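Chemist: Sequence and computational prediction follow.
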Amino acid sequence: MVTQLVVILTRKFGGFDTKIGIISGTSSTMTEDADAIEGLLGNSNFEVVFKDSLNSTSKIKGHDVKRLDLETLVVVGSDRTLLNTLLSIGEASIPILPVASRGHPGFLFDVTATGFEQIVDDLDARKWTEERRVRLVATISEKKTTPILNEVAIFSRRSATFLTYSLHIGSEQFWEDGGDGIIISTPTGSTAYAMSGGGPIVFHPASVYSVIPVNSSNPSHRPIVVPDDMRVEIRDIASSVTVEAVLDGQTRIPIKDGCITIERSPYDAVLVKFSEERVASLRGKLLRKAGVLGEKAHELPPSAKLVLKVLEYHVTLSQKKIIDETNLPSRTVRYALSLLVAEGLVKKQISLRDSRQAIYSLVQPTSDVSERR
């Protein structure tokens, strides 16, 4: 099994050590891309001081990554790699450069692994600025979670199991409701899980977050936008099975006392941003790919959009895993997959491990003539 690759490089300049870290996703393609990036930095006189394959991004031989005083942390992989890394480093404000591995475009990825060579000099000379992204923090059973970039989603552990709750904003009860669940999203997360659930698109850096009821039993309960200096509490949570808080689609925490509090984290995520001219030259192909997916998915029902978003995070999944990740009924997932396959957005393949099982993955848009040239 391929594990996560962690590399720390350093270079002495003016009597000081400049450190750059690299973390890759778990696939062989991602680790190969990380190796190539390591080589490019080596050509700029950076030397490797640590390199290992780990199961966790948080520890390197007893040291926290967040305490290594890194100038930049390069995250090579997919949206899922970036979200996992941010959850792992927690409250640290390390400037992060997301680098999309081959075949894994993402909305926060201005740089691709194949285009990394073009920004090495800019990275080396620190010709970049910091972009801060609001994060959330949840309190569950009196314990605070690590900061969350996209969303907190509250669902029953077993898919399609009804839950009830009361929503409190500030000091007042806003409504009582029942349904599949509820999502609390940052502006960054508004184009991810929250959008699939019918939430509004919120432009960064708006100082708000969104509250989206999922399949509410009361049709008058619509998504709402809340100032991010207000606290949201979900109380009186009840279901026939355990209810969980899902953080950025990666971490699940049981809500045992029927209450969760969500508020703005004081620790923003810090992303490395290059000039608009540099980004324009780097992102052309990536934006075209995202545009093709967006145009085709625009008219799909919310359930199909949700399945599409989950496949963007996880790359390939079986139908059972999609049901587990989306908390949608199996019948709804089957219908959503049939639509996505028919639209040419998702491909279905027989699993090599079990011929009785199908595996679903995103279809990469075909390159246009200008790209082939």
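Modeler: Cool, got the structure. Numbering: from 1, shown residues only.

Chemist: Could you list the buried residues of stretch 114-129?
Modeler: Buried residues in stretch 114-129, counting neighbours by 16 or more other C-beta atoms under 10 Å, are found at 115-116, 119, 123-124, 128. Bear in mind the C-beta positions are built from the backbone N, C-alpha and C, glycine included.

Chemist: what about the stretch 251-373 of the chain, any weak spots by pLDDT?
Modeler: For the stretch 251-373 of the chain, the stretches flagged by pLDDT under 70 are 277-299, 313, 352-355, 364-373.

Chemist: try 80
Modeler: For the stretch 251-373 of the chain, the stretches with pLDDT under 80 are 275-301, 312-315, 342-343, 350-357, 363-373.

Chemist: can you give me the strands for it?
Modeler: In the stretch 251-373 of the chain, the segments counted as strands under DSSP state E, counting those that start in this stretch are 251-254, 260-264, 269-273, 316-318, 346-350, 358-362.

Chemist: how about those in TSV, adding distance to P329?
Modeler: TSV is the format used below for those (distance: least, C-beta to C-beta, whole Å):
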stretch	distance to P329
strand 251-254	19
strand 260-264	24
strand 269-273	34
strand 316-318	16
strand 346-350	18
strand 358-362	17
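
Chemist: To D17, which of those lies closest?
Modeler: Set against D17 and scored by C-beta to C-beta, these come closest in strand 269-273, at 19.0 Å.

Chemist: For that closest one, buried residues please.
Modeler: 269-272.

Chemist: element containing G21?
Modeler: When elements are assigned from DSSP states H and E, G21 belongs to strand 16-24.

Chemist: Let's see that strand as PDB, backbone CA atoms only.
Modeler: Extracted in PDB, the C-alpha atoms of strand 16-24 (Å, rounded to 0.1, in the frame of the first residue of the first chain):
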ATOM      1  CA  PHE A  16      19.200  31.700   7.900                       C
ATOM      2  CA  ASP A  17      17.700  28.400   7.000                       C
ATOM      3  CA  THR A  18      14.800  28.500   4.500                       C
ATOM      4  CA  LYS A  19      12.600  25.400   4.800                       C
ATOM      5  CA  ILE A  20      10.100  24.100   2.300                       C
ATOM      6  CA  GLY A  21       8.000  21.100   3.000                       C
ATOM      7  CA  ILE A  22       6.300  18.800   0.500                       C
ATOM      8  CA  ILE A  23       3.300  16.500   1.300                       C
ATOM      9  CA  SER A  24       1.700  14.300  -1.300                       C
END
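
Chemist: Could you list the paired strands of that strand along with their orientation?
Modeler: strand 4-13 (antiparallel), strand 72-77 (parallel) (DSSP bridges).
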